[in-house]
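Student: Provided below are the primary sequence and the corresponding predicted coordinates.
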Amino acid sequence: MSEIDNLSPAEARVWRAYPRGESVDFRTAGDEDPPAGDAWGPERTVRASVLRRLLVAAPQEEGEIAALVVTGARVVGVLDLRHAAIDVSVRLDHCRFDDVPDLYGAQLRELDLSGSVLPGLTSANLRVESALRMTDCHMRGPVRLSGAQISGALHLERARFTAADDSEPVLQLNQAAIGADIWAPEMCAHGQVRLTGASVAGRINLQDAEFNTPGGTALDAQNLDVGAHVRARRMRARGRVELRGSRITSRLDLLHADLSHPGDTALRASSCVIGELWLGEGNRVEGALNLRRSQIEILSLAPEVLPDQVLLGSLTYTVLSPHEPAGRRLPMLERGGGPYEPHLYEQLTAAYRHVGDDDAARLVQLAKQRRRRATLPWYGRLWGYVQDAVVGYGFRPLRAAVWLLSLLALGSLAYGLDQPAPIKAGEAPRFNAVFYTLDLLLPVISFGQETAFAPVGRHQWLSYALIIAGWVLATTILTGVTRTVSRQ
């Protein structure tokens with residue numbers, strides 16, 4: 001009890017105010033800067049051991065609601081509340097801590113450290129019945145909140161997280177359970193932020209937040225579970241944003257986001273389940289975009305922000321927006337750098353058909369056949385080129401009519417100028433150059449002209465060419481029609 005008997009004037013003020021929940025404000029001006037708290041003297045210095053004694057063992061006055069409410073104090077020593085059960089609100093805002101508080105396994109009603117400066121925070125497995133507030137905090141060392149359970153919201157607005165080295169994340173929320181929201185607009189982290197396996201019942205607001213870990217993982221949120229949406233508009237990330245295996249019930253809003261991890265993956269949202277993903281209206285992503293194996297109901301991707309490498313293998317989506325011509329969407333299917341994946345084209349085709357754009361869907365299917373052609377042996381590629389040239393793999397049937405009319409005009413002109421001799425004079429029907437050419441071109445139709453006349457010389461070679469062209473034309477048309485019917 002000796003330290004309680006020797007309270008400084010500043011500590012005595014806190015001791016007297018605690019049982020009645022009164023506020024003690026040591027500030028001399030409203031615009032004080034807690035980071036400059038090294039100069040604060042004994043008139044506003046409070047020992048951490050005194051605060052601990054208050055919270056753990058101090059008597060409470062009948063009819064009053066106790067609370068620790070201290071503003072602008074310098075806290076010296078380690079605030080050790082390991083495994084303590086604190087049934088009062090704790091508010092230590094705009095304070096300066098000389099040592100890292102240790103709240104491992106503690107149970108608190110409410111904790112507010114807004115505006116304070118701390119060399120770090122050890123609070124793994126912390127339990128908070130209400131909200132945990134670190135608004136405008138300056139954390140100069142690792143903040144360990146792994147396994148924390150916060151029934152209310154976690155407030156990190158404009159908080160700053162740094163560390164002397166990068167041996168561990170500056171903010172650890174892995175396996176944490178947040179009963180409401182994580183509210184962190186304009187938060188800035190120089191070092192990795194880890195949210196792996198965390199569960200957030202409400203929203204996550206990262207609007208205008210900054211994550212800086214160049215060459216590494218800036219935001220590690222694998223297997224994150226969010227009950228509402230993640231708002232990350234204008235978020236700036238230097239390093240990888242890792243969301244593999246996450247579930248976001250509503251939307252992941254990355255409009256105007258600035259994502260950069262050159263030479264590696266900038267955003268990995270693979271194997272995720274996301275209601276809506278919005279990525280656009282910002283700078284071009286620097287680094288790969290990986291959406292493999294994810295399930296997304298509405299995928300909003302602006303073509304101009306997509307990087308050179310886009311990995312979409314086994315990605316499924318229902319709606320692709322904004323609606324763009326097929327020519328603007330097809331390049332993203334070619335940026336995976338891997339083998340031909342027919343699923344990519346089928347998925348894009350389904351998205352166009354979902355909105356009734358059948359022309360775009362046909363163009364995607366045509367692009368699929370051309371991409372597949374490159375994987376075939378030489379004879380398969382040759383036959384593919386023929387199908388493409390003649391009928392566009394069945395997706396451009398009018399091209400067959402153009403070929404037929406062109407060959408018909410060529411044959412009619414050639415045989416009209418130089419009529420072939422009849423095989424049997426006096427028995428042959430009257431020669432008709434048009435129907436003679438049709439007889440050569442159409443394998444299964446006969447007008448009696450081909451069998452009655454026999455061309456010679458160059459016209460004989462022309463007849464051979466027309467017969468071959470007719471068979472090729474008929475076969476490719478049949479192949480294209482069969483492919484179209486089988487799809488429908």
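Tutor: Happy to help now that I have it.
Student: Glu61 contacts Arg20, correct?
Tutor: Yes. If you go by Cβ atoms under 8 Å, Glu61 and Arg20 touch, sitting 6.4 Å apart. Backbone N, C-alpha and C define where each C-beta goes, glycine included.
Student: which ones are touching the residue nearest to Ala232 when sequence neighbours are not counted?
Tutor: Using Cβ to Cβ, 6 or more residues apart in numbering and skipping residues adjacent in sequence, the residue nearest Ala232 is Leu206, 4.2 Å away. Residues counted as contacts of Leu206 (Cβ atoms under 8 Å, 6 or more residues apart in numbering) are Ala184, Pro185, Met187, Val230, Arg231, Ala232, Met235.
Student: 7 Å - rerun?
Tutor: Ala184, Val230, Arg231, Ala232, Met235 (Cβ atoms under 7 Å, 6 or more residues apart in numbering).
Student: quick one: neighbours of the first one, just the number.
Tutor: Using other Cβ atoms under 10 Å, Ala184 has 25 other residues around it.
Student: can you report how many residues lie near the nearest residue to it once chain neighbours are set aside?
Tutor: Leaving aside its chain neighbours, Ala184 sits nearest to Leu156 (3.8 Å; criterion: Cβ to Cβ, 6+ apart). With neighbours defined by other Cβ under 10 Å, the count for Leu156 comes to 30.
Student: likewise the one 5 residues further on?
Tutor: By other Cβ under 10 Å, the residues close to Phe161 number 26.
Student: residues contacting the residue most central in space within the chain?
Tutor: Most central in the chain under Cα atoms, centre = their mean is Ala269, positioned 4.8 Å from the mean C-alpha point. Ala269 is in contact with Leu243, Asn290, Leu291, Ser294, counting by Cβ under 7 Å, 6+ apart.
Student: for Gln60, same thing?
Tutor: By Cβ under 7 Å, 6+ apart, the contact set of Gln60 is Pro19, Ala66.
Student: can you name the helix or strand that it falls in?
Tutor: Gln60 belongs to no helix or strand when assigned by DSSP states H and E.
Student: what of Leu259?
Tutor: Counting by DSSP H and E, Leu259 is found in strand 258-268.
Student: sheet partners, orientation included, of whatever helix or strand comes next after that strand?
Tutor: Once the chain leaves strand 258-268, the next helix or strand it forms, by DSSP H and E, is strand 273-279. Sheet pairing for strand 273-279, assigned by DSSP bridges, gives strand 247-253 (parallel), strand 295-301 (parallel).
Student: could you dump the ones you listed to a markdown table with distance to Val46, mean pLDDT and mean neighbour count?
Tutor: Compiled in a markdown table, these are given as follows (distance: least, Cβ to Cβ, whole Å; pLDDT from 0 to 100; neighbours: other Cβ atoms under 10 Å):
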| stretch | distance to Val46 | mean pLDDT | mean neighbour count |
| --- | --- | --- | --- |
| strand 247-253 | 43 | 95 | 20 |
| strand 295-301 | 52 | 94 | 19 |
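Student: ok, which of those comes nearest Leu382?
Tutor: Nearest to Leu382 among these is strand 295-301; the distance by Cβ to Cβ comes to 36.1 Å.
Student: tell me where the protein has helices.
Tutor: Ranges of helices in the chain, per DSSP state H, are 2-5, 9-17, 48-57, 326-333, 342-354, 358-373, 378-391, 398-417, 433-441, 458-487.
Student: which of the ones you listed sits most buried?
Tutor: Of those, the one with the most neighbours on average (mean count of other Cβ atoms under 10 Å) is helix 433-441, at a mean of 22.
Student: so for it, mean pLDDT?
Tutor: Across helix 433-441, the average pLDDT comes to 76.
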